[in-house]
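Give me a 3D structure for the following:
(chains A and B)
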Amino acid sequence: MFNIVDTLLEWMDSRAESGARRVAQRTGRRSFLTKAGAALLGGALLPMLPYDRNFGEAHAQEGASTDGDQTECEYWRYCALDGNLCNSCGGTLTECPPGAEASKVSWVGTCRNPNDNKDYLVSYNDCCGKASCSGSFCFTSEGERPGYRMGLYNDINWCMANTSKGYHCTVAVLVGLADA
Amino acid sequence: MARSLTLSVCLACALAAAAPTLAQEAEFKPESVGVKAAIDPGPNVFVNKQEWGGAGSINVYSAADLTYKGNMSAGSMGQVLISPDGKTAYSQSSYLKRIMYGDHEQVLQLFDVATLTPTKEIILPNKAAMVAAYTPLLTQSADGKFVYVQNATPATSVTVVDVAAGEVVQELPTPGCWGIYPSLAGYSFSAICGDGTFASFALGEDGKGIAKTSSEKIFDADADALFVSAERIEGKLAFMSFKGNLYVLDDATGTITLSDKIAVTEGQEGWAPGGYNLFDYNDPNGVIFLTMHDEAKEGTHKNASKEIWAYDVKNKKLLYRSPVEHVISLTVSDDPVPVVYGLNEDDGKVIRFASDPEAKFVLKQTAEHEDTGFATVVAVRN
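Sure, this is the predicted structure:
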């Protein structure tokens, strides 16, 4: 039993260390990079994915902050997020900082919520039109694919369809259940 | 006022006293500012130092020891192409009027490498992909007549540019497909598609017209997706998959077919390729060099490498696993004794590795230069 607990704690520590190290490296050196992420909510790709399913339900859960630490890259919604967290840039988990534009298109990750073991569709919208924020930089790519699966692609600037195309930060919005 | 007058008088006294001294130093000749005419001769390494909020650059280093030779200045989120002879550099990048917002202009710039100066610019349709740099996103036809620009709005297409004419010829829709892989002759190119097929597009000599063909399904983008980085091996197109399968494809007929599929990671449990432009082929030895990481699972395909593997493609044999730190892209020279140049993501540096063909191509670091920022494309030209 103790072995199991020790192993689990060791795993958690290594995860946390890895995440922290990556944040330090990225924010120190390439926060500018902040590759914008991607996929779609709105825009040409919208009809291809079931974003609108359970939309209200998803938003009803959005305010819950007891499901994990939203300031850490290990937070479950961030499973395919490549960018600066807007909630460390003056915005929130789902809101761009004041004065920024929310991207018209976005990329989507499918992330498992460990609290209910359900898979959620997470729209990663970039926030646009301001200098890159040097807050927490996260870089995860579960289910991420290159540009031939554009709606899953997190290397690209998803401010591309906005009037203001400069990348600022990224939010993570629940838009549906993956198996709904 | 009285104090100013006193100071002026004293200054005049000092100048008078110094006059004999100046005369004694008459041999002194002041220098004049100048501009170095050209970079130092010799093979070059090019690194696309990409910026997302300002000017990016194409940095040029000596291939021998990574001495910094200078750079060519571009806009934001740029892609880079270096001509095969190493004399011309191309950059596709974005210029926002207020840097992070405002009117937007996308430009294809040409540079003379010897003098590091822009020689031509061609305004592009404002559709070019603003994305981390990958070599297949800015390519040219075999004879260099046309440059192909990857677009994403996010709908995908390719802008065909006639370089000599300085004109955009056409925008060619490539829905669901990504990357531009020119044919070895003529004006065709292929692209990877999300359904596991490859699309091929044949253009006329004027760069116009479209004849599209599609391959059979070749890969599974869910189970074992392909990286977009590709290399020519014995005239064929080679792609690496997330799980370490090397797909060798024939594009000679105008429609892509699968020639071979090689399990590079066979017997190497837990290891997988990772990075951006993550492998290259050394033709004289038939060996690929590939960035690899351990503890591989879904989502680790862009993890920085812990090793660079040397793999004999002809004999389908893993030769050597050289430990490295955080290399995410590489290129290899065409020399009989290959030299590998890698980009370290975390420290923002380019690294030179010598290889030893007598020792299974083990790599040994010989030089590095730490100023590459966020860079994912490196190229070497003699």
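
can we go C-alpha only for contacts and neighbour counts from here?
Fine.

where does chain B dip in pLDDT?
B:1-25 (pLDDT under 70).

swap the cut-off to 50 and go again
B:1-13, B:15 (pLDDT under 50).

domain ranges for it?
B:40-132, B:264-382 (automatic domain parsing).

and those domains as JSON lines, adding distance to chain A and mean neighbour count?
Below are these laid out as JSON lines (distance: least, CA to the nearest CA, whole Å; neighbours: other CA atoms under 10 Å in any protein chain shown):
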{"stretch": "domain B:40-132", "distance to chain A": "4", "mean neighbour count": "21"}
{"stretch": "domain B:264-382", "distance to chain A": "4", "mean neighbour count": "21"}
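
Export those as CSV, with columns for distance to residue A:97.
Below are the domains of chain B laid out as CSV (distance: least, CA to CA, whole Å):
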stretch, distance to residue A:97
domain B:40-132, 15
domain B:264-382, 25
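
Quick check: the gap between the spatially closest residue to residue B:54 that is not a sequence neighbour and residue A:108.
Leaving aside its sequence neighbours, residue B:54 sits nearest to residue B:76 (CA to CA, 6 or more residues apart in numbering or on different chains; 5.4 Å). Residue B:76 sits 25 Å away from residue A:108, going by CA to CA, to the nearest Å.

Pull stretch B:363-379 out as PDB, backbone CA atoms only.
Below are the C-alpha coordinates for stretch B:363-379, written out as PDB (Å, rounded to 0.1, in the frame of the first residue of the first chain):
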ATOM      1  CA  LEU B 363      27.700  12.000 -32.600                       C
ATOM      2  CA  LYS B 364      30.000  14.300 -30.800                       C
ATOM      3  CA  GLN B 365      29.300  18.000 -30.100                       C
ATOM      4  CA  THR B 366      31.900  20.300 -31.600                       C
ATOM      5  CA  ALA B 367      30.300  23.800 -31.400                       C
ATOM      6  CA  GLU B 368      27.200  25.700 -30.400                       C
ATOM      7  CA  HIS B 369      25.800  29.200 -30.600                       C
ATOM      8  CA  GLU B 370      23.200  30.400 -28.200                       C
ATOM      9  CA  ASP B 371      21.000  33.100 -29.800                       C
ATOM     10  CA  THR B 372      18.400  31.200 -31.900                       C
ATOM     11  CA  GLY B 373      15.400  32.000 -29.800                       C
ATOM     12  CA  PHE B 374      12.300  30.000 -31.000                       C
ATOM     13  CA  ALA B 375      13.700  28.200 -34.000                       C
ATOM     14  CA  THR B 376      12.500  25.000 -35.600                       C
ATOM     15  CA  VAL B 377      14.100  25.200 -39.100                       C
ATOM     16  CA  VAL B 378      17.800  24.700 -39.600                       C
ATOM     17  CA  ALA B 379      19.500  24.200 -43.000                       C
END
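
Packing partners of the host helix or strand of residue B:239?
Per DSSP states H and E, residue B:239 falls inside strand B:236-241. Packing contacts for strand B:236-241, counted by 3 or more CA pairs under 8 Å, 6 or more residues apart in numbering or on different chains; DSSP states H and E, involve strand B:226-233, strand B:245-250.

in the sheet, who's paired with the residue nearest to residue B:54?
residue B:94 (DSSP bridges).

ok, it touching residue B:93?
Yes: if you go by CA atoms under 8 Å, residue B:76 and residue B:93 touch, sitting 5.5 Å apart.

which residues in chain A form strands?
For chain A, the strands defined by DSSP state E cover A:82-84, A:101-113, A:118-128, A:137-139, A:167-177.

would CSV of those strands with mean pLDDT and mean neighbour count be doable?
Formatted as CSV, those follow (pLDDT from 0 to 100; neighbours: other CA atoms under 10 Å in any protein chain shown):
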stretch, mean pLDDT, mean neighbour count
strand A:82-84, 96, 32
strand A:101-113, 98, 25
strand A:118-128, 98, 28
strand A:137-139, 96, 27
strand A:167-177, 97, 29
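
For these, could you give me CSV that also reports distance to chain B?
Below are these laid out as CSV (distance: least, CA to the nearest CA, whole Å):
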stretch, distance to chain B
strand A:82-84, 11
strand A:101-113, 8
strand A:118-128, 8
strand A:137-139, 9
strand A:167-177, 7
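
Of those strands, give the one that comes closest to residue B:257.
strand A:101-113 (30.9 Å; CA to CA).

Bridged to the closest residue to residue A:174 other than its chain neighbours, which residues?
Spatial nearest neighbour of residue A:174, chain neighbours left out: residue A:122 (4.6 Å); criterion: CA to CA, 6+ apart. Following DSSP bridges, residue A:122 is listed with bridge partners residue A:109, residue A:174.
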